[in-house]
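Visitor: how would this look folded up:
(2 chains)
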Number of protein chains: 2
Amino acid sequence: MLSWRLFLFLLLLPLLSLSFAEETPTSHGLPRPLIIEYTTSAKELDEEQVRLQCDSWRFTVEANNVNPWKTIPQECADYVRDYLVGRGYSFDLDKVSNEAAVYAGSVELSGDGKDVWIFDIDETLLSNLPYYAEHGYGLEVFDPVEFDKWVDKAEALGIQPSLKLYDRVLGLGFKVFLLTGRSEKQRSVTVENLINAGIQNWDKLILRASNDHGKQAVVYKSEKRDEMAREGYRILGNSGDQWSDLLGSSMSIRCFKLPNPMYYIP
Amino acid sequence: MLSWRLFLFLLLLPLLSLSFAEETPTSHGLPRPLIIEYTTSAKELDEEQVRLQCDSWRFTVEANNVNPWKTIPQECADYVRDYLVGRGYSFDLDKVSNEAAVYAGSVELSGDGKDVWIFDIDETLLSNLPYYAEHGYGLEVFDPVEFDKWVDKAEALGIQPSLKLYDRVLGLGFKVFLLTGRSEKQRSVTVENLINAGIQNWDKLILRASNDHGKQAVVYKSEKRDEMAREGYRILGNSGDQWSDLLGSSMSIRCFKLPNPMYYIP
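Guide: Residues are numbered from 1 along each chain as shown, chains lettered A, B, ... in the order given. Here you go, the predicted structure:
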């Protein structure tokens, strides 16, 4: 950024003096943009400040440092949208998927059918970006009623880097368990959506039963992993976009945190 | 970035046509920078690509997604240095410290002297940036002999946002335990350095004893936390720049991951 600004300043310096020194009709083609530029320059300084703040906010979110939050910071609305619809999000998803695939390939499996990789669903295998695009990408407080209507459409998009990892771990001989905060009532639309997105051959699809409602995600998911452990499964990998997918009891040997700057589930 | 580029393009368009259409001596004041600019523009596109890659790399590091690594990626050398010496690192340190302080203030302490906050030392309370500045900010493979010489100087700098948190948790009534990967042999220089940096009133300073050498940090630190738990301490907070400071057994209720794009300790 600095090099741009420096260059622009050096470029504009002679033009500026030109515009003031030579107020002739022929010199009038250029000065107009300069005025706009000087305004932009001050604005860009603010933008730099906001970018740094939002970079920091994103770091704290992804490293699980932030205290529970309900919406993204107002000043980071553009930042979060640009990240999600731009290339940043794709780059991050690719990177996590690749790192997970390297790890998966390095694990020696027992071959007794007890080697497990857990995937979360929303913002891990399936993307709800079309829904969040309509709701400010996290700027609006989460509305479970509206979100359930979206889920019922079964139109969430497959997250391609995750699907690549999914196929890879299946190919390596892992059993895949899907562990989601979605309700048991949404089983059929969830299955429909997964299959539409090209996801299949999972071994278990675990949704919240009626007695799981009201539990924090981190508690519910820990209990489910505890059950797996009691049944003799070895949880070798776990992919999720929330730290509540990954932390708690019976944690996987390695876990992979997908990016999600839109919302926080405790 | 895009808006800059768009603006520059719009600004340069008339200049370009001017330079080709009016090859008169008087039109020669301006075209020179355009040639420089066209080269810079292609370079900036590469820079954008590198920035995205290094942003992704940093996200994966801070979210603990990266497989063990020994040096930062070559192409991220400038990115990491700029982040550390620029404002990004400061912003992130401030943010983590502030979030931790909010949490610390929200905890109800028992008042029996068993409420503990753990701090790591290097890149958590003390900064070794002067050392890493001389070693490519993580571009060189870690050299324990050279690093120990630096440690022996006791010249590491206090990380101000962490010191603020440190004072805050002490003020709230937490006991502070310092848990470091440094060797017991470095106890006196470490104490000297801590005090020089304005850090005092810790309750325990735990360093690697001879039988801890060779242990992975995550194992050594877990064992030390297990001991604390056995002694009845409640580990309520834990601040560290490495995930190996924070994960493992007897984990703290909340942990805070400080930024560190320079090195990785398993």
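Visitor: Now do the helix or strand hosting A:Ser188: which elements does it pack against?
Guide: Using DSSP states H and E, A:Ser188 sits within helix A:187-196. Helix A:187-196 sits against helix A:144-152, strand A:175-183, strand A:204-208, with contacts defined as 3 or more Cβ pairs under 8 Å, 6 or more residues apart in numbering or on different chains; DSSP states H and E. For every residue, glycine as well, the C-beta is placed using N, CA and C.
Visitor: so which of these comes closest to chain B?
Guide: With Cβ to the nearest Cβ, the closest approach to chain B among the helices and strands packed on helix A:187-196 belongs to strand A:175-183: 18.7 Å.
Visitor: Outside of that closest one itself, list whatever touches it.
Guide: The set of residues external to strand A:175-183 that reach it, using Cβ atoms under 8 Å, 6 or more residues apart in numbering or on different chains, is A:113-122, A:125, A:151, A:166, A:169-170, A:190, A:194, A:201-208, A:213, A:217, A:220-221, A:224-225, A:228, A:233, A:245, A:265.
Visitor: Kindly report the same for stretch A:148-167.
Guide: Contacts of stretch A:148-167 (Cβ under 8 Å, 6+ apart): A:90, A:93-94, A:96-98, A:100-101, A:104, A:119, A:122-131, A:176, A:182, A:186, A:189-190, A:192-193, A:196-199, A:239, A:258.
Visitor: Buried residues, it. List them.
Guide: A:150-151, A:154-156, A:158-159, A:161-163, A:165-167 (16 or more other Cβ atoms under 10 Å in any protein chain shown).
Visitor: Using a markdown table, lay out those together with pLDDT and secondary structure.
Guide: Output for the buried residues of stretch A:148-167, formatted as a markdown table (pLDDT from 0 to 100; DSSP: H, G, I helix; E, B strand; the rest coil):
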| residue | pLDDT | secondary structure |
| --- | --- | --- |
| A:Trp150 | 98 | helix |
| A:Val151 | 98 | helix |
| A:Ala154 | 98 | coil |
| A:Glu155 | 98 | coil |
| A:Ala156 | 98 | coil |
| A:Gly158 | 98 | strand |
| A:Ile159 | 98 | coil |
| A:Pro161 | 98 | helix |
| A:Ser162 | 98 | helix |
| A:Leu163 | 98 | helix |
| A:Leu165 | 98 | helix |
| A:Tyr166 | 98 | helix |
| A:Asp167 | 98 | helix |
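Visitor: can you list those in JSON lines and add distance to B:Pro144?
Guide: What follows is the buried residues of stretch A:148-167, written out as JSON lines (distance: Cβ to Cβ, whole Å):
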{"residue": "A:Trp150", "distance to B:Pro144": "54"}
{"residue": "A:Val151", "distance to B:Pro144": "53"}
{"residue": "A:Ala154", "distance to B:Pro144": "55"}
{"residue": "A:Glu155", "distance to B:Pro144": "54"}
{"residue": "A:Ala156", "distance to B:Pro144": "49"}
{"residue": "A:Gly158", "distance to B:Pro144": "46"}
{"residue": "A:Ile159", "distance to B:Pro144": "41"}
{"residue": "A:Pro161", "distance to B:Pro144": "37"}
{"residue": "A:Ser162", "distance to B:Pro144": "38"}
{"residue": "A:Leu163", "distance to B:Pro144": "42"}
{"residue": "A:Leu165", "distance to B:Pro144": "35"}
{"residue": "A:Tyr166", "distance to B:Pro144": "40"}
{"residue": "A:Asp167", "distance to B:Pro144": "41"}
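Visitor: and of these, the nearest to B:Asp82?
Guide: A:Pro161 (27.4 Å; Cβ to Cβ).
Visitor: Grab the nearest non-local neighbour of the closest one.
Guide: A:Ser97 (3.6 Å; Cβ to Cβ, 6 or more residues apart in numbering or on different chains).
Visitor: Please apply the same query to A:Phe91.
Guide: B:Ser56 (4.2 Å).
Visitor: With A:Glu146 instead?
Guide: A:Glu146 sits nearest to A:His135 (Cβ to Cβ, 6+ apart), 7.5 Å away.
Visitor: So for the one you found, what pLDDT did the model give?
Guide: pLDDT, A:His135: 97.
Visitor: which residue ranges form the helices in the stretch 1-150 of chain A?
Guide: Assigned by DSSP state H, counting those that start in this stretch, the stretch 1-150 of chain A shows helices spanning A:2-21, A:31-62, A:77-85, A:87-106, A:129-133, A:144-152.
Visitor: so how many other residues sit close to the nearest residue to A:Leu52 once chain neighbours are set aside?
Guide: Here the nearest residue to A:Leu52 in space, its sequence neighbours aside, is B:Phe91; by Cβ to Cβ, 6+ apart that works out to 5.0 Å. Using other Cβ atoms under 10 Å in any protein chain shown, B:Phe91 has 22 neighbouring residues.
Visitor: Same check on A:Asn211?
Guide: A:Asn211 has 8 nearby residues by other Cβ under 10 Å.
Visitor: All set now, cheers.
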